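Q: 3D model of this:
(chains A, B and C)
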Amino acid sequence: MPEWLIIGLLIVAKLGLIFMVLLTLAAYLVLAERKILGRMQLRPGPNRVGPFGLMQPLADVIKLLTKEDFIPARADKWLFILAPGLAAVTALLTFAVVPFGPPLTLFGHQVPLVVCDLNIGVLFFLGLSSLAVYGMTLGGWASNSKYSLMGAIRGLSQLISYELSMGLALVPVVMLARSFSLTDIVMAQADVPFALVNPLAFLIFLISAVAESKRIPFDLPEAENELVGGFHTEYSGMRFGLFFVGEYINLIILGSMLTVFFLGGWMGPFLPGVVWFSIKVLFVCFFFIWVRGTMPRLRYDQLMHFGWKILLPLSLLNVLLTGALLLWRQG
Amino acid sequence: MLSILFYLFATVAIFSAFYVTKARNPVNSALCLVTTFICFAVLYITLDAPFMAAIQIIVYAGAIIVLIIFVIMLLNLGTAVKKRYTHALAWGAALSVIMLFITNTFIRRGVPTGKLGDVTTQMIHSYGHTELIGMALFTEFLLPFEIASILLLVAIVGAIILSKRQV
Amino acid sequence: MLENYLPILVLVGIAFAFAVAVVILSRLVGPNKPNDIKLAPYECGMPLLSSARDRFSIKFYIVAVTFIVFDIEVAFLYPWAVVFKQLGWYGAVTMGIFLFVLIVGFVYEWKKGALEWE
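A: Model prediction:
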């Protein structure tokens, strides 16, 4: 067997494994969310399928697969087909740069526990999150239904508004780590996580992440009591499933990014790195679910005011202050 | 390997760029433009310019196309425009084939000349592409950089004047 | 260097294959009995009132333009952020001037009420 074939097969195997883990995690995150929300609302949540409802994700998949998959007559057919795929693919791709453990030493080789340790990792994440708007926008537009279009337009404005604060909150992180590589950023937090070094950036990133995930209190693109289902009103069956999976994978990605940028990634005492990383990511996901169980939805004007008049100036100020402080300490 | 990649992405870029002008539906056009930009980004990566690739995606594919899509939705250009055949199409096609031919002939005849810059591939690998751009931007190209801020200021002012009934 | 990006290309392939496979599978497994009413756009059970592609507020346009401006600004901030230690105060001042000009634009926009939503 030629060597390039072996390398290729290794890459496919590694990616396939990560892919399966990510999908399973997303499916169980849905169950966890329903369980936790249920408990918060004093009801047991799904508990019929299997012990403690643990087979619920499987039942959901079967249900989505056997539902009728149709394309509305007035829809733009190709865009309608393409959009859910785009939403799922952009979400899945981002995980390629997330380092989920410290580099291993195998046979004298340094093997980083990341699909590809890009030297522009931060920009890769930002670029993909700016492409992630297309699945939602095109889906909403192609459906040719007013609820979908309204959801898509709202969502597009919301995502681009909070993407700015997100990008600006990462500038101090890059200044502190002086690298775009996510592995380097985690390494730079060996002593203190950046959440303690720059709490303001952490807070801004956290709020923007909730907004980017299109969840309560920022779930205006799919506000179900005014827009039916928002941008995915017209979608059924597995196409809806792809949007749904994309959303939960996005949640895991945002959790991992928060962990990598601000919570010290895989760093932690006693336990192995991968375990620490998973604990932190799951905790962030739990926090997102908790927020959903607690908060009411914002009004659209409040959402835009908050993004543009509070978060954006604050994050600009934070960049300037961090820069000045670092230079002053350097002398 | 590299040249296969280059030809693959260059072909996709050219075809989607062609489809941008050909598509009847403006949203499809915009989407094809995104594809073209993504192909450009891949080409930048093969040229050892990852920062340019990222900026290509973030600014062009992520921001400018978003504006274009907004404008398409805003003006309600969604309905497909009826295509009408004109002779201009044939003339345009003929002209571009001739242009392609001429360019190709001259490229094959000529010898590339000109000075190589200071930055080498080794420097990019050892020092980092973004770092090199940062250093150049803030020393050698400081004036264009500051002028860019004025350009952006004009863009904000222009957008407000265009969209407000009374300024 | 370049082989770093190869897995991403493979991942794009896998992700698209997954998306296509799932949809095809559901086509094969699920029923397919379309009728006119089912294929009509959702309108809370009423007959369709008007075209869905309505015009909407110009506000969204301003948001998009401002987004481009600030996105470019962020794109300039990143190369500065990696080398700002080498550049020192000189770099901070030049970036300060750049940001100042943009903040002037932002304040203008704010005062003109372009950021108001009612």
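
Q: the helices in the stretch 51-200 of chain A, which residues?
A: A:56-66, A:77-94, A:121-131, A:133-143, A:146-177, A:182-187, A:194-197, A:199-212 (DSSP state H, counting those that start in this stretch).

Q: show me the contacts for the residue of the stretch 101-250 of chain A found nearest chain B.
A: Relative to chain B, the nearest point of the stretch 101-250 of chain A is residue A:130 (2.8 Å; CB to the nearest CB). No exception for glycine: its C-beta is placed from N, CA and C like everyone else's. Contacts for residue A:130 (CB atoms under 8 Å, 6 or more residues apart in numbering or on different chains) come out as A:160, A:163, B:57, B:58, B:61, B:62, B:63, B:66, C:71.

Q: cutoff 6 Å now
A: Residue A:130 sits next to B:58, B:62 when contact means CB atoms under 6 Å, 6 or more residues apart in numbering or on different chains.

Q: what does residue B:152 give?
A: Counting by CB under 6 Å, 6+ apart, residue B:152 has contacts residue C:69.

Q: From residue A:281, how far out is it?
A: Applying CB to CB, to the nearest Å, the value for residue B:152 to residue A:281 is 37 Å.

Q: Tell me where the model's unsure across the stretch 1-150 of chain A.
A: Scanning the stretch 1-150 of chain A for pLDDT under 70 picks out A:1, A:105-112.

Q: Show me which residues of it are close to chain C?
A: A:11, A:15, A:65-70, A:72-74, A:85, A:88-89, A:92-93, A:96, A:115-116, A:118, A:144-146, A:149 (CB under 6 Å from any CB of the partner chain).

Q: Only the buried subset of those residues, as a PyMOL command please.
A: To isolate the buried members of the residues of the stretch 1-150 of chain A next to chain C in PyMOL, using 16 or more other CB atoms under 10 Å in any protein chain shown:
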select buried, chain A and resi 11+15+65+67+69+70+72+74+85+88+89+92+93+96+115+116+118+144+145+146+149
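
Q: and the lowest-mean-pLDDT helix or strand in chain C, how far from the chain's centre?
A: Of the helices and strands making up chain C, the lowest-confidence element is helix C:36-39, at a mean of 72, by mean pLDDT, DSSP states H and E. Offset of helix C:36-39 from its chain centre (CA atoms, centre = their mean, to the nearest Å): 32 Å.

Q: any residue of that helix up close to chain A?
A: Yes - interface with chain A: helix C:36-39 contributes residue C:39 (CB under 6 Å from any CB).

Q: Next, format the helices of the stretch 51-200 of chain A as TSV and append distance to residue B:159.
A: Listed next are these as TSV, based on distance: least, CB to CB, whole Å:
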stretch	distance to residue B:159
helix A:56-66	43
helix A:77-94	27
helix A:121-131	20
helix A:133-143	20
helix A:146-177	14
helix A:182-187	35
helix A:194-197	35
helix A:199-212	23
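
Q: among these, which is the most enclosed?
A: Compared across the helices of the stretch 51-200 of chain A, helix A:133-143 shows the largest average neighbour count, a mean of 28 (mean count of other CB atoms under 10 Å in any protein chain shown).

Q: now it and helix A:199-212, what's the angle there?
A: For the pair helix A:133-143 and helix A:199-212, the angle between their directions (axes from the mean of the first three to the mean of the last three CA atoms, to 10 degrees) equals 20 degrees.

Q: helices or strands up against helix A:133-143?
A: Other helices and strands packing on helix A:133-143, by 3 or more CB pairs under 6 Å, 6 or more residues apart in numbering or on different chains; DSSP states H and E, are helix A:77-94, helix A:146-177.

Q: so can I have JSON lines of those helices showing distance to residue B:70?
A: JSON lines is the format used below for the helices and strands packed on helix A:133-143 (distance: least, CB to CB, whole Å):
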{"stretch": "helix A:77-94", "distance to residue B:70": "16"}
{"stretch": "helix A:146-177", "distance to residue B:70": "7"}
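
Q: Can you pull the residues of chain B lying near chain A?
A: Within chain B, the positions near chain A by CB under 6 Å from any CB are B:50, B:54, B:57, B:58, B:62.

Q: any idea how far residue A:268 is from residue A:193?
A: Taking CB to CB, one finds residue A:268 at 10 Å from residue A:193.

Q: nope, residue C:42 is what I meant
A: 46 Å.

Q: So which bits of chain C are right by chain B?
A: So far as CB under 6 Å from any CB goes, chain C lies against chain B at C:5, C:53, C:55, C:58, C:60-62, C:64-65, C:68-69, C:71-72, C:75, C:79-80, C:82-83, C:87, C:91, C:94, C:98, C:101-102, C:105, C:109, C:112, C:114.

Q: Selecting buried members of those residues in PyMOL, what would you type?
A: Applying 16+ other CB under 10 Å to the residues of chain C next to chain B leaves a buried subset, and the PyMOL line that selects it is:
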select buried, chain C and resi 5+53+60+61+62+64+65+68+69+71+72+75+79+80+82+83+87+91+94+98+101+102+105+109+112+114
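
Q: and the residues of chain C next to chain B, which of them are in helices?
A: C:60-62, C:64-65, C:68-69, C:71-72, C:75, C:79-80, C:82-83, C:87, C:91, C:94, C:98, C:101-102, C:105, C:109 (DSSP state H).

Q: re the thing from before, which of the helices and strands packed on helix A:133-143 sits closest to residue A:323?
A: Smallest distance to residue A:323 across the helices and strands packed on helix A:133-143 (CB to CB): 6.5 Å, for helix A:146-177.

Q: domain assignment for chain B?
A: B:1-80, B:119-167 (automatic domain parsing).

Q: Tabulate those (CSV), appending mean pLDDT.
A: Formatted as CSV, those follow (pLDDT from 0 to 100):
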stretch, mean pLDDT
domain B:1-80, 85
domain B:119-167, 82
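
Q: Buried deepest among those, which one?
A: Compared across these, domain B:1-80 shows the largest average neighbour count, a mean of 18 (mean count of other CB under 10 Å).

Q: Quickly check: that domain near chain C or not.
A: Yes - looking at domain B:1-80 against chain C by CB under 6 Å from any CB, the contacts come from B:45, B:55, B:59, B:63, B:66, B:67, B:70, B:74, B:76, B:78.

Q: so, if you compare those residues, which one comes nearest to chain A?
A: residue B:66 (6.0 Å).

Q: and that closest one, that one's in a strand?
A: No - the assignment for residue B:66, made by DSSP: H, G, I helix; E, B strand; the rest coil, is helix rather than a strand.

Q: how about it, what does it touch?
A: The contact partners of residue B:66, by CB under 6 Å, 6+ apart, come to residue C:64.

Q: Repeat the analysis, applying 7 Å as the threshold.
A: Contacts for residue B:66 (CB atoms under 7 Å, 6 or more residues apart in numbering or on different chains) come out as A:133, A:156, A:160, C:64.

Q: Leaving out the residues flanking it, which one is nearest to the first one?
A: Nearest-residue entry for residue A:133: residue A:159, 4.9 Å, with adjacent residues in sequence omitted and distances by CB to CB, 6 or more residues apart in numbering or on different chains.

Q: Just the element for residue 12, please.
A: Assuming you mean chain A. Using DSSP states H and E, the element containing residue A:12 is helix A:3-40.

Q: switch to chain B, that's the one I care about
A: Using DSSP H and E, residue B:12 falls within helix B:2-22.

Q: Check the secondary structure at the residue of chain C most remote from its centre for me.
A: Relative to the mean C-alpha coordinate of chain C, counting by CA atoms, centre = their mean, the farthest residue is residue C:33 (36.0 Å). Following three-state DSSP, residue C:33 is assigned to coil.

Q: and the residue nearest to it when sequence neighbours are not counted, what does it touch?
A: With CB to CB, 6+ apart as the criterion, residue C:33 has its nearest non-adjacent residue at 6.9 Å, and that residue is residue A:68. Residue A:68 is in contact with A:236, A:237, C:30, C:31, C:32, C:33, counting by CB under 7 Å, 6+ apart.
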